[in-house]
Structures are given as C-alpha cells and as structure tokens.
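S.K.: return atomic coordinates for the entry below.
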Amino acid sequence: IDGTLEVNYKHAPFLLVNGTTATVVVGQGALPGVSDGLIHPMDGEKEIPHYIEAIYVENQNGEVVALRELSLLEESPATFVFAIPEG
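M.R.: Coordinates of the predicted model:
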C-alpha cells in the first residue's frame with residue numbers, strides 16, 4: 001500500500017451494522033479483526049489539537065439521520081453508535 005492510500009484509510013469512516021444498531025469508526029484499524037490498520041488520533045494535548053470533531057451519517061437521500069460531536073479529550077478511535085432510523 002502506498003503512503004497516500006494509508007492516509008486515506010486512517011481518515012476513512014467505516015460503518016458497521018448489527019440489527020437496528022449502527023457503529024461508525026474512523027480508521028481501518030478500528031475495525032474488528034484489523035490489528036495492523038491505522039486509526040485516526042484524537043490528540044487534544046498538542047499545542048494545536050488534532051482530532052475528529054464530528055461524525056455524521058446520511059441516508060440514501062443525502063439527509064443527515066445521525067450526528068455526534070466529539071470532544072478533543074476523547075480517546076481513539078473516534079466512534080459513534082446509534083439506532084438506525086426507520087425508513
């Protein structure tokens with residue numbers, strides 16, 4: 001994998017579905033069974049904090065159906081668990 005692709009995997013959101021519950025994680029390394037993948041850091045301790053500010057999910061019509069704002073004090077991986085809306 002070239003460096004560009006690895007950076008994309010570190011910043012990519014992944015959606016996991018279990019029944020009527022969904023989980024979004026940021027970074028391929030946050031996926032179950034992926035021990036060598038990258039996870040986006042949540043580093044609020046730096047002079048200029050670097051972290052995921054929000055995770056949102058759109059439905060098939062492009063409407064936001066779930067949103068979570070994250071804190072710079074949260075630990076990696078950035079995660080959002082929500083109930084899948086009907087429809």
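S.K.: so what strands line up beside whatever helix or strand residue 82 lives in?
M.R.: Secondary structure assignment for residue 82, by DSSP states H and E: strand 79-83. As defined by DSSP bridges, the strand partners of strand 79-83 come to strand 21-26 (antiparallel).
S.K.: kindly export the partner strand (C-alpha atoms) in PDB.
M.R.: Taking C-alpha atoms only, strand 21-26 is exported to PDB below (Å, rounded to 0.1, in the frame of the first residue of the first chain):
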ATOM      1  CA  THR A  21     -27.800  -0.500  15.700                       C
ATOM      2  CA  ALA A  22     -25.000   1.000  13.700                       C
ATOM      3  CA  THR A  23     -21.500   2.000  14.600                       C
ATOM      4  CA  VAL A  24     -19.200   4.300  12.800                       C
ATOM      5  CA  VAL A  25     -15.500   4.200  13.500                       C
ATOM      6  CA  VAL A  26     -12.700   6.300  11.900                       C
END
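S.K.: could you point out which element follows it?
M.R.: Downstream of strand 21-26, the first helix or strand assigned by DSSP H and E is strand 54-58.
S.K.: got the contact list for residue 83?
M.R.: 20, 21, 22 (Cβ atoms under 8 Å, 6 or more residues apart in numbering). Backbone N, C-alpha and C define where each C-beta goes, glycine included.
S.K.: low pLDDT regions in this structure?
M.R.: For the chain, residues meeting the criterion pLDDT under 70 lie at 1-7.
S.K.: ok, now with 80
M.R.: Counting by pLDDT under 80, the chain shows low-confidence ranges at 1-8, 44-46, 87.
S.K.: and residue 65, how many residues sit next to it?
M.R.: A count of neighbours around residue 65, defined by other Cβ atoms under 10 Å, yields 15.
S.K.: please apply the same query to residue 38.
M.R.: Using other Cβ under 10 Å, residue 38 is surrounded by 20 other residues.
S.K.: may I have stretch 63-76 as CSV, with CA atoms only?
M.R.: Taking C-alpha atoms only, stretch 63-76 is exported to CSV below (Å, rounded to 0.1, in the frame of the first residue of the first chain):
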residue,chain,number,x,y,z
GLU,A,63,-30.3,13.6,4.6
VAL,A,64,-28.4,13.6,7.9
VAL,A,65,-30.0,11.0,10.1
ALA,A,66,-27.4,10.8,12.9
LEU,A,67,-24.8,13.2,14.2
ARG,A,68,-22.4,13.2,17.0
GLU,A,69,-19.9,15.9,18.0
LEU,A,70,-16.8,14.6,19.6
SER,A,71,-14.5,16.2,22.2
LEU,A,72,-10.8,16.7,21.8
LEU,A,73,-10.5,14.9,25.1
GLU,A,74,-11.9,11.6,23.8
GLU,A,75,-9.6,8.6,23.1
SER,A,76,-9.1,6.9,19.8
